[in-house]
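Enquirer: next input, structure requested:
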Amino acid sequence: MGEDKSLLSDEELTAALAEMPGWEHQGKAIVRRYLCQSFAEITAFMKHLAATIEATNHHPDAILDTTTRSVTITLT
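Expert: Purely as a prediction, here's the structure:
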């Protein structure tokens, strides 16, 4: 049987986000920004993110901002 990819209701989404510190609802996506102290930390984070993406078969958008040393993850 396939994975259930149906959208959450507004109530389900609100309840889920209450359990996920740092994540916020933006349009039809949830978004979180991670700040890193160094480029080595960014590299380690991106390697971890890639492994997690592969393991879970979920493919978020990831934006790396080298000016602010941040990574923004968007899941739709």
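
Enquirer: helices along the chain, start to end?
Expert: 10-18, 39-56 (DSSP state H).

Enquirer: let me see the mean pLDDT of the first one.
Expert: Across helix 10-18, pLDDT averages out at 93.

Enquirer: residues in contact with the nearest residue to residue 71 once chain neighbours are set aside?
Expert: Spatially, and ignoring its direct neighbours in sequence, residue 71 is nearest to residue 34 (4.8 Å; C-beta to C-beta, 6 or more residues apart in numbering). No exception for glycine: its C-beta is placed from N, CA and C like everyone else's. Contacts for residue 34 (C-beta atoms under 8 Å, 6 or more residues apart in numbering) come out as 45, 70-73.

Enquirer: same question, residue 72
Expert: 31-34, 62-63, 65.

Enquirer: go with 6 Å
Expert: For residue 72, the contact set (C-beta atoms under 6 Å, 6 or more residues apart in numbering) comprises 33, 63.

Enquirer: quick one: buried ones out of the contacts of residue 34?
Expert: 45, 71, 73 (16 or more other C-beta atoms under 10 Å).

Enquirer: let me know the closest of the residues you listed to residue 14.
Expert: Nearest to residue 14 among the buried ones among the contacts of residue 34, counting by C-beta to C-beta, is residue 73 at 19.5 Å.

Enquirer: ok, back up a step: okay, the buried ones among the contacts of residue 34 in TSV with pLDDT and distance to residue 13 next?
Expert: Listed next are the buried ones among the contacts of residue 34 as TSV, based on pLDDT from 0 to 100; distance: C-beta to C-beta, whole Å:
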residue	pLDDT	distance to residue 13
45	93	25
71	93	23
73	93	16
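
Enquirer: quick one: which of those residues is nearest to residue 6?
Expert: The closest of the buried ones among the contacts of residue 34 to residue 6 turns out to be residue 73 (C-beta to C-beta; 21.5 Å).
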